[in-house]
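J.: What would the 3D arrangement of this be:
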Amino acid sequence: MTPRSSRQAGSGFRNGIATAAIGAASILGSVLSAPGEESPSTAPGPYTIDTLPVPDAARGQVAALDFAPDGGMVLLARDGLIWRTAPNQEAWQPWSRFGLEGATGLHAGYLPKSLYVVHATGITRLFDTDADEGADFVKSVITVWRFGTLGELFRGSPAVLPDGDLLLSPNVVSGSWSGLVMRVPEASPVSPWLTGFAKISAPAPGPEETWILAGQAPAAKEGEKPVAALWIVPPAG
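T.: Numbering: from 1, shown residues only. As a prediction, this is how the structure comes out:
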């Protein structure tokens, strides 16, 4: 697939970037507000903030939190240990004791059968092959790939395309893998998915099958600073 640029994603690139950010926020507000409700500018908004308890062993070490398809919560600690809850319950149960160095990201959309963990030395998929509510098999998706940098390989947790490919943003500030979102299949080489940014997050699923990204657009002129912005990417690719 030919990688799309941020201009192709409808960002209103460079001079129109502030307009794009404001427009994106307006679109999100209109989509997330039910008919007849006040607009987000005058109403409290579509989101609420809850305080969630965490396992004692993970206090101060939470790397990521996700939700399984059944509504249960899944928590990843920095040392790679994973806990999950049953739907509508707050009691945490261990799900994986496989230590994964420097864990930073999690995708639990395939539970109860498997989930993905992003960590300092790669991307790993953990499986529960005997349906006993715990991981018992580990498969490496990408190993020891550092893009010439140290520390966290990717920014945040992965997103997953309908065909199962992962979307991730490499945690680098220069070079051929900087300023882009990469597509990571399990059985073929990685490739750029969206390019043309100074810095970008991994995509998050948005309303109506769109993708939402936050980051910085390159400076319009030499010497200027990159501009922070929000992008909405249409449901393609």
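
J.: What residues are bridge-paired with residue 62?
T.: Counting by DSSP bridges, residue 62 is bridged to residue 77.

J.: Let me see the contact set for it.
T.: Taking Cβ atoms under 8 Å, 6 or more residues apart in numbering, we find residue 62 in contact with 54, 75, 76, 77, 78. Using the backbone N, CA and C atoms, a C-beta is placed for each residue, glycine as well.

J.: Residue 113: which of those residues is nearest?
T.: Compare each of the contacts of residue 62 with residue 113 using Cβ to Cβ and the shortest gap goes to residue 76, at 17.2 Å.

J.: how about the contacts of residue 62 in JSON lines, adding pLDDT and distance to residue 176?
T.: Formatted as JSON lines, these follow (pLDDT from 0 to 100; distance: Cβ to Cβ, whole Å):
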{"residue": "54", "pLDDT": "90", "distance to residue 176": "38"}
{"residue": "75", "pLDDT": "96", "distance to residue 176": "34"}
{"residue": "76", "pLDDT": "96", "distance to residue 176": "29"}
{"residue": "77", "pLDDT": "95", "distance to residue 176": "32"}
{"residue": "78", "pLDDT": "92", "distance to residue 176": "29"}
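
J.: hey, which helix or strand in the protein has the poorest pLDDT?
T.: For the chain, using mean pLDDT, DSSP states H and E, the weakest element among its helices and strands is helix 17-32, scoring a mean of 37.

J.: returning to that earlier point: which one of the contacts of residue 62 is nearest residue 200?
T.: Checking these against residue 200 by Cβ to Cβ gives residue 76 as the nearest, at 22.1 Å.

J.: That closest one reaches residue 54, doesn't it?
T.: No - here residue 76 does not reach residue 54: they are 10.9 Å apart, not a contact under Cβ atoms under 8 Å.

J.: Of these two, which one has the most company?
T.: Neighbours around residue 76 and residue 54, counted as other Cβ atoms under 10 Å, are more numerous at residue 76. The numbers are 30 against 16.

J.: List the contacts of that one.
T.: If a contact means Cβ under 8 Å, 6+ apart, then residue 76 has 62, 63, 64, 65, 66, 82, 103, 105, 106, 117 as its contacts.

J.: out of the residues you listed, which are inside strands?
T.: When DSSP state E defines the strands, the subset of those inside them is 62, 63, 64, 65, 66, 82, 105, 106, 117.

J.: I'd like to know which of those residues are buried.
T.: Buried members of those, counted by 16 or more other Cβ atoms under 10 Å: 63, 64, 66, 82, 105, 106, 117.

J.: If we only consider those, which is nearest to residue 180?
T.: Out of these, the member with the shortest distance to residue 180 (by Cβ to Cβ) is residue 105, at 16.9 Å.

J.: pLDDT at the closest one, what is it?
T.: pLDDT recorded at residue 105 is 92.

J.: Same check on residue 136?
T.: In this prediction, residue 136 has a pLDDT value of 95.

J.: from what I can see it touches residue 129, true?
T.: Yes - with contact taken as Cβ under 8 Å, residue 136 and residue 129 are classed as touching, separated by 5.6 Å.

J.: Give me the more crowded residue out of these two.
T.: residue 136 (13 against 10).

J.: Tell me who's in contact with the more buried one.
T.: Applying Cβ under 8 Å, 6+ apart, we find residue 136 in contact with 127, 128, 129, 130.

J.: Let's see that with 6 Å instead.
T.: Contacts were defined as Cβ atoms under 6 Å, 6 or more residues apart in numbering; by that measure residue 136 touches residue 129.

J.: next one: residue 115
T.: Listed by Cβ under 6 Å, 6+ apart, the contact set of residue 115 reads 108, 126.

J.: Any idea how far apart the tips of stretch 131-138 sit?
T.: Using Cα to Cα, to the nearest Å, the end-to-end distance of stretch 131-138 comes out at 15 Å.
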